[in-house]
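**Student:** next comes the sequence, and after it the predicted model I'd like to discuss.
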Amino acid sequence: MIKLLGIPMDANSSFLRGAAQAPDRIRQMDLDGSANRYSELGIEIIPQKTYVDLGNLSFESDDPATAFHLIRDTIEGELKDESRLLSLGGDHSISYPILSAYSQKYEGLHVLHLDAHGDLYDDYEGNTFSHASPFARVMELGRIASLTQIGIRTLTDHQRHQGSKFGVRIIEMKDHDPFLLKSMSGPLYISLDIDALDPAFAPGVSHHEPGGFSTREVIEILHNIEVDVVGADIVECNPARDINNMTSMVAYKMMKEILGLMLL
């Protein structure tokens with residue numbers, strides 16, 4: 001079974017909030033009638049038929065540790081029946097509890113991370129749960145077989161050190177080669193930060209970082225994946241900063257393509 005879960009959490013954002021609005025706005029793109037429900041893989045993506053929409057998690061507090069446990073425990077519960085989940089954030093901090101649960105379920109889990117940022121800070125502004133730190137926390141678990149990051153174009157000395165420390169395969173945007181993904185292993189989890197795309201294609205993000213992917217390039221990356229995709233998240237879409245729902249529509253497009261991959 002394929003499940004969709006909204007995780008409207010943006011309390012760990014370091015600059016602007018607003019990503020918590022994204023799950024419902026992305027769903028709205030499915031309902032407004034401007035696009036059909038087919039992925040480019042030829043699979044029709046229909047809520048409650050192709051996938052089960054679980055709705056959104058409800059957060060009673062912005063406390064990072066409390067949110068971590070709620071997300072992790074929820075994901076663990078949903079994975080018990082062998083389901084595969086696509087989670088809609090929210091800021092990128094949600095990937096840490098999600099992958100904490102996934103790495104318990106899948107031995108030898110590999111992760112593909114598309115982003116403008118490495119998100120490998122040991123902590124950011126004193127917050128170890130920051131959306132700038134999830135992959136440091138994930139790699140500290142010691143249960144991830146490999147982490148491959150692509151689209152990165154903001155590496156600091158500290159993050160380079162962290163990448164080396166954890167054995168992360170970092171392919172900076174300036175070195176991008178779509179054929180490098182032919183060497184990916186599975187089972188695979190995909191974490192797509194919408195700011196991996198250039199702001200020209202996705203202006204509705206909190207951190208504009210020029211020089212990124214086009215929408216077509218990300219779709220080609222996804223379509224070149226040849227291993228079993230067991231889960232994914234789409235994060236950092238910020239409707240509060242969007243223009244005419246452009247970025248929400250891009251996120252919806254990616255949602256259809258990733259769900260199509262998970263259904264193959």
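**Tutor:** Received it, and whenever you're ready, just let me know what you need. Numbers count the residues shown, from 1 in each chain.

**Student:** what's the neighbour count on K165?
**Tutor:** Applying other C-beta atoms under 10 Å, we find 12 residues neighbouring K165. Bear in mind the C-beta positions are built from the backbone N, C-alpha and C, glycine included.

**Student:** beyond the helix or strand hosting it, next helix or strand please.
**Tutor:** Element membership for K165 (DSSP states H and E) is helix 157-166. Counting by DSSP H and E, the next helix or strand C-terminal to helix 157-166 is strand 169-172.

**Student:** what pairs with that following strand, and is each one parallel or antiparallel?
**Tutor:** Strand pairing for strand 169-172, determined by DSSP bridges: strand 144-152 (parallel).

**Student:** next, the buried residues of the strand it pairs with.
**Tutor:** Neighbour-count burial for strand 144-152 flags I144, L147, T148, Q149, I150, G151, I152 (criterion: 16 or more other C-beta atoms under 10 Å).

**Student:** same check on stretch 18-33?
**Tutor:** Neighbour counts over stretch 18-33 (16+ other C-beta under 10 Å) mark G18, A19, A20, Q21, A22, P23, R25, I26, R27, M29, D30 as buried.

**Student:** which residue ranges of the stretch 151-264 of the chain form helices?
**Tutor:** Using DSSP state H, counting those that start in this stretch, the helices of the stretch 151-264 of the chain run over 157-166, 215-223, 246-263.

**Student:** point out the most buried one among these.
**Tutor:** Most buried of these, by mean neighbour count (mean count of other C-beta atoms under 10 Å): helix 246-263, with a mean of 22.

**Student:** so what does it touch, helix or strand wise?
**Tutor:** strand 2-7, helix 22-31, strand 84-89, strand 188-193, helix 215-223, strand 229-235 (3 or more C-beta pairs under 8 Å, 6 or more residues apart in numbering; DSSP states H and E).

**Student:** which stretch among the ones you listed comes nearest G42?
**Tutor:** helix 215-223 (11.5 Å; C-beta to C-beta).

**Student:** determine the set of other helices and strands touching the closest one.
**Tutor:** Against helix 215-223 (3+ C-beta pairs under 8 Å, 6+ apart) you get helix 246-263.

**Student:** chain center to the helix it packs on, what's the gap?
**Tutor:** 11 Å (C-alpha atoms, centre = their mean, to the nearest Å).

**Student:** what mean pLDDT does it get?
**Tutor:** For helix 246-263, mean pLDDT rounds to 98.

**Student:** tell me what angle it forms with strand 84-89.
**Tutor:** 170 degrees (axes from the mean of the first three to the mean of the last three C-alpha atoms, to 10 degrees).

**Student:** helix 246-263 vs strand 229-235, what angle?
**Tutor:** Here helix 246-263 runs at an angle of 170 degrees relative to strand 229-235 (the same axes, to 10 degrees).

**Student:** so where's the chain uncertain?
**Tutor:** Residue ranges of the chain with pLDDT under 70: none are present.

**Student:** one more time with 90
**Tutor:** 33, 62, 177-184, 264 (pLDDT under 90).
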